[in-house]
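sequence first, then the predicted structure, then my questions.
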Amino acid sequence: MNGTDNTRIATAEFADPLPHAGGGAITRSQTLLFAASVGIIVTNLFAPQTLVGLIGPSLGAAASEGGFVSMATLLGYAAGLFLLVPLSDLIENRVLVLRMLAVAALAAAAASFAPAAPSLLAMLFVLGAACSCIQVLVPVAASMAPPGQDGRVIGDVMSGLMIGILLSRPIASLVADAFGWRAFYGISAAALALLAILLGLTLPRRKPVAHASYAELLASLIGLLAQEPVLRRRAFTASLVMAAFSVFWTAVALRLSAPPFDLGQKGIALFALVGAGGAAVTPIFGRAGDRGFTRSATVLCHLVLVAALGLAAWAAAAKAGDAWLPLILMGVSAVLLDIGVTGDQTLGRRAVNLLQPKARGRINGLFVGIFFIGGAIGSLLAGIAWAWGGWNAVCAAGAIFGVTALVVDWMG
């Protein structure tokens with residue numbers, strides 16, 4: 001299929017999706033439902049970052065291999081974004097979401113009983129792929145927003161997403177501390193099953209009118225990426241930011257369990273809870289995009305991210321009579337890091353959702369899929385950097401990603 005065919009499919013063969021069953025603007029209760037749903041689903045993607053220290057040894061994995069546990073779910077998620085989310089431009093979205101949630105619940109249940117590392121990694125990959133239903137829900141919410149309020153709705157839903165990401169670590173740590181890491185996946189399976197029932201009863205229908213095959217749909221992804229420079233740039237910088245995020249959060253539990261912090265799972269859970277404060281700024285960045293400050297706000301996000309990683313490196317090396325000052329500084333760095341990442345993701349998602357409404361599902365899948373590949377790479381590099389040079393190497397790797405994003409900002 002040539003570029004012209006891809007363009008035709010991307011822009012002409014999909015009618016505008018129906019906004020929702022009721023035909024009016026999205027309500028506050030619907031926004032909260034979307035936000036809560038994506039928050040619950042996304043916990044499965046980032047919980048392994050704080051469970052690496054428990055899962056790896058229990059399955060006989062070396063320290064340098066621990067990043068594979070976190071990477072598997074993120075790679076599965078990216079695969080789902082490229083292969084499953086485009087179906088939201090082809091089939092009815094409610095049915096697609098419910099089927100993907102059912103698979104996610106089964107994969108989480110299987111992960112809780114995985115006897116060895118290979119089987120666990122396989123189940124986490126499937127779980128991540130099924131959790132990509134998040135990116136079916138977000139475009140549905142965006143399509144229901146009144147004109148000019150896309151950023152507000154996306155920001156509100158993204159608040160739920162980011163809260164889920166940031167709470168996934170403390171929740172996983174607390175559950176693992178009390179019942180073991182397998183219990184987290186058992187509880188997650190039950191939560192996903194209950195969510196499927198709730199969404200089955202309340203989720204509005206959204207059925208695009210398509211005249212293309214699944215193969216043509218996937219082939220059109222290349223055409224969309226070639227057509228849209230905004231999509232290419234925002235997806236690339238988002239992948240760099242997500243890599244920095246994953247480097248930090250995959251390794252920070254290892255650093256906090258060592259001197260001078262010597263934190264257990266409960267302490268690490270409380271630390272991760274502090275980082276959740278960064279999600280509070282998500283609607284602010286969405287509104288900044290609506291008011292025309294996308295570029296300046298993006299540069300600010302990347303500067304904050306680099307500064308946060310510098311502070312994290314300094315905090316861990318700080319000379320103090322006890323661990324409280326370094327721990328406080330580490331907490332501040334975590335909040336700043338999450339603010340930078342949250343702002344970048346919100347602004348980027350808003351920008352790409354405004355490109356081609358008829359191809360919104362595929363564009364969103366491309367954007368998020370590319371930045372989650374960055375997250376998977378970051379998770380893998382965290383284990384390697386930790387084994388090679390400890391915490392300083394981890395922070396340096398994350399800062400390099402942030403500086404590269406700033407260079408792209410400057411060139412763009």
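Thanks, I have the structure now. Just so we're clear, the structure is a prediction, and the values are computed from it rather than from any experiment.

low-confidence stretches in the stretch 1-150 of the chain?
Applying pLDDT under 70 to the stretch 1-150 of the chain flags residues 1-25, 60-67, 148-150.

so where do the helices sit in it?
Here the stretch 1-150 of the chain has its helices, by DSSP state H, counting those that start in this stretch, at 3-11, 28-58, 67-83, 93-111, 117-130, 134-143, 150-179.

now tabulate those helices in a markdown table and tack on mean neighbour count.
Just so you know, the C-beta spots here come from the backbone N, C-alpha and C atoms, and that holds for glycine as well. Converted to a markdown table, these look like this (neighbours: other C-beta atoms under 10 Å):
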| stretch | mean neighbour count |
| --- | --- |
| helix 3-11 | 17 |
| helix 28-58 | 22 |
| helix 67-83 | 25 |
| helix 93-111 | 21 |
| helix 117-130 | 22 |
| helix 134-143 | 25 |
| helix 150-179 | 24 |
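
show me the one of those that comes nearest Ala393.
Closest to Ala393 of those, according to C-beta to C-beta: helix 67-83, at 13.2 Å.

spatially nearest residue to Leu45, not counting backbone neighbours?
Excluding its sequence neighbours, the residue lying closest to Leu45 (C-beta to C-beta, 6 or more residues apart in numbering) is Thr73, at 5.3 Å.

who's in contact with the one you found?
Neighbouring residues of Thr73 by C-beta atoms under 8 Å, 6 or more residues apart in numbering: 44-45, 48, 124-125, 127-128, 131.

contact partners of the one helix or strand Leu201 maps to?
Using DSSP states H and E, the element containing Leu201 is helix 181-202. Here helix 181-202 makes contact (C-beta under 8 Å, 6+ apart) with 33, 37, 40-41, 43-44, 47, 51, 54-55, 58, 94, 97-98, 101-102, 104-106, 108-109, 111-113, 171-172, 175-176.

7 Å - rerun?
For helix 181-202, the surrounding residues in contact (C-beta atoms under 7 Å, 6 or more residues apart in numbering) are 33, 37, 40, 43-44, 47, 51, 54-55, 97-98, 101-102, 104-105, 108-109, 111-112, 172, 175-176.

circling back to that earlier point, closest to Leu90 out of the contacts of Thr73?
Once C-beta to C-beta is applied, the member of the contacts of Thr73 that ends up nearest Leu90 is Cys131, at 19.8 Å.

these two touch, right, Leu59 and Ser119?
No. Taking contacts as C-beta atoms under 7 Å, Leu59 lies outside contact range of Ser119: 9.5 Å.

which element follows the regular element (helix or strand) spanning Ile339 toward the C-terminus?
Using DSSP H and E, Ile339 falls within helix 324-353. Per DSSP H and E, the first helix or strand lying C-terminal to helix 324-353 is helix 360-411.

quick one: mean pLDDT over that next one.
The average pLDDT for helix 360-411 rounds to 90.

what angle do it and helix 28-58 make?
Note on geometry: by axes from the mean of the first three to the mean of the last three C-alpha atoms, to 10 degrees, helix 360-411 and helix 28-58 are set 70 degrees apart in direction.

could the helices of the stretch 1-150 of the chain be laid out in JSON lines, adding distance to Thr346?
Formatted as JSON lines, the helices of the stretch 1-150 of the chain follow (distance: least, C-beta to C-beta, whole Å):
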{"stretch": "helix 3-11", "distance to Thr346": "24"}
{"stretch": "helix 28-58", "distance to Thr346": "13"}
{"stretch": "helix 67-83", "distance to Thr346": "18"}
{"stretch": "helix 93-111", "distance to Thr346": "22"}
{"stretch": "helix 117-130", "distance to Thr346": "22"}
{"stretch": "helix 134-143", "distance to Thr346": "11"}
{"stretch": "helix 150-179", "distance to Thr346": "5"}
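
what pLDDT does the closest residue to Gly275 other than its chain neighbours get?
Spatial nearest neighbour of Gly275, chain neighbours left out: Ala334 (3.9 Å); criterion: C-beta to C-beta, 6+ apart. As predicted, Ala334 sits at a pLDDT of 92.

before we move on, the earlier item: in terms of secondary structure, what does the helix holding Ile339 contact?
helix 150-179, helix 229-256, helix 265-275, helix 282-290, helix 294-317, helix 360-411 (3 or more C-beta pairs under 7 Å, 6 or more residues apart in numbering; DSSP states H and E).

for Ser257, phi and psi?
Here is the backbone geometry of Ser257 (degrees, to the nearest 10): phi -80, psi -10.

excluding chain neighbours, what is closest to it?
Leu263 is the one closest to Ser257 (C-beta to C-beta, 6+ apart), at 5.9 Å.

before we move on, what about Val332?
Here the residue nearest Val332, using C-beta to C-beta, 6+ apart, is Leu311, at 6.5 Å.

over to Val281?
Nearest non-adjacent residue to Val281, counting by C-beta to C-beta, 6+ apart: Ile339, 5.3 Å away.

gap between the residue nearest to Val332 and Ile165?
Distance, Leu311 to Ile165, using C-beta to C-beta, to the nearest Å: 21 Å.

thinking again about what came up before, buried ones in the helix holding Ile339?
326-327, 329-331, 333-353 (16 or more other C-beta atoms under 10 Å).

go on, stretch 396-409?
Neighbour-count burial for stretch 396-409 flags 397-406, 409 (criterion: 16+ other C-beta under 10 Å).

follow-up on the earlier one: can I get the helices and strands packed on helix 324-353 in JSON lines including distance to Leu90?
Listed next are the helices and strands packed on helix 324-353 as JSON lines, based on distance: least, C-beta to C-beta, whole Å:
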{"stretch": "helix 150-179", "distance to Leu90": "22"}
{"stretch": "helix 229-256", "distance to Leu90": "20"}
{"stretch": "helix 265-275", "distance to Leu90": "37"}
{"stretch": "helix 282-290", "distance to Leu90": "28"}
{"stretch": "helix 294-317", "distance to Leu90": "30"}
{"stretch": "helix 360-411", "distance to Leu90": "8"}
